[in-house]
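[1] dropping the sequence and predicted coords here.
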Amino acid sequence: MNKTDTKAQQQPRYSGIPTFMRVPAVHDLSQIDIAIAGVPYDGGVSARSGARYGPREIRSMSSMTRAIHHVTRFNPFAACRVGDIGDVPFTDLFNIERAHDDIRAFFEPVFAAGKQALIAGGDHSITFPVLQALAPPEPIGLVHIDAHTDTWDYFIGSKFTHGSPFRRAVEAGLIDPKKTIQIGIRGAQNSDEGWRYSLDSGMRVVFIEEFSELGVEAVVAEARKLIGGGPAYLSFDVDGLDPVYAPGTGTPEIGGITTREALQLLRGLDGLDFVAADVVEVAPPYDPSGNTALVAATLMYESLCLLARRHATHKASSA
């Protein structure tokens, strides 16, 4: 079978064991094309914890996901085999570098098997070990939607916090700063170190004021031109959204992207060669309504459509 088993999606949303978007829980990577996984880790946060609960709540709210996209009429579950491979199991939660080792070890066989991955965090520090597991032969492009550049260096003795993954990724030769665009950046800082590093390294930084001035379509066009036809990673921090739409996050910054703009932004990236994607920094304890998890689940569905479209295109070109 070359499509996802969607029998669970026909059952009542409140029944069964929750998986992302009610896809099958799988252990055999040969049965899937796209692996969805959770990383319940927030040991890298600099302030408010809570993102460790993100994957569980996103899974629950993703039961609201339906199959066929209302704009494109694309059904990602019919285009490829999607499965939930569970959460990263941790052996040492209280040591950031060892926890990152666990994340890297979990995803290495996924990418070694040639699978794409869609990941729910967890804090943004998780993206660095995921990129390490991906181990691209050449630095890849990055579309990064966030309120913060996450290119700071050390924070109180650690260089692996949620404020540093993309600095570490550039240093490790995993992403190409000249093929990186950071969208939605805003908020006062005690140091301009992160902004300076992004700009000085060659990243395209779209502060929220410029985003509003240019408009979504122009930013999308710039992202597409910058990424080009090469492989890229998509990382969406929910604090890139205005906290009106996503209050359940550890480092909220007002004046952000709307959910409608976020959807338009992601849909405009269709056709780029995304090898993996993540949605991070959902901290359910700060949003009892569950809306932030619902927003994240929807962003994951939109990201899944991008990954599945890429899979279908590659499959057609190799046929």
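    Received the coordinates, thanks.
[2] quick check: closest non-adjacent residue to D176.
    Closest residue to D176 apart from its sequence neighbours, by Cβ to Cβ, 6 or more residues apart in numbering: P139 at 3.9 Å. (C-beta placed from N, C-alpha, C; glycine too.)
[3] look up how far P284 lies from that neighbour.
    Using Cβ to Cβ, to the nearest Å, one gets 34 Å for the distance from P139 to P284.
[4] more neighbours: these two, which one.
    Shown here are P139 and P284; by other Cβ atoms under 10 Å, P284 has more neighbours (23 against 20).
[5] the more buried one reaches G290, doesn't it?
    Yes: with contacts counted by Cβ atoms under 8 Å, P284 reaches G290, the gap being 7.4 Å.
[6] shared neighbours of the two, anything?
    Residues touching both P284 and G290 by Cβ atoms under 8 Å, 6 or more residues apart in numbering: E57.
[7] tell me where the model's unsure across the stretch 1-150 of the chain.
    Across the stretch 1-150 of the chain, residues meeting the criterion (pLDDT under 70) sit at 1.
[8] centroid-nearest residue for this structure?
    By Cα atoms, centre = their mean, the chain has its centre lying nearest to D278, at 1.6 Å.
[9] quick check on it: phi, psi?
    Dihedral angles of D278 (phi, psi; degrees, to the nearest 10) stand at phi -140, psi 160.
[10] for it, which non-adjacent residue is spatially closest?
    Using Cβ to Cβ, 6+ apart and skipping the chain neighbours, the partner closest in space to D278 is I119 (4.0 Å).
[11] D287 now?
    Sequence neighbours aside, G248 is the residue nearest to D287 in space, at 2.9 Å (criterion: Cβ to Cβ, 6+ apart).
[12] read off the pLDDT value for that neighbour.
    We have a pLDDT of 98 for G248.
[13] A helix includes it, no?
    No: according to DSSP: H, G, I helix; E, B strand; the rest coil, G248 belongs to no helix; its state is coil.
[14] so where's the stretch 201-319 of the chain uncertain?
    Confidence mapping of the stretch 201-319 of the chain against pLDDT under 70 gives the ranges 319.
[15] where along it do the strands fall?
    For the stretch 201-319 of the chain, the strands defined by DSSP state E, counting those that start in this stretch occupy 204-207, 231-237, 273-280.
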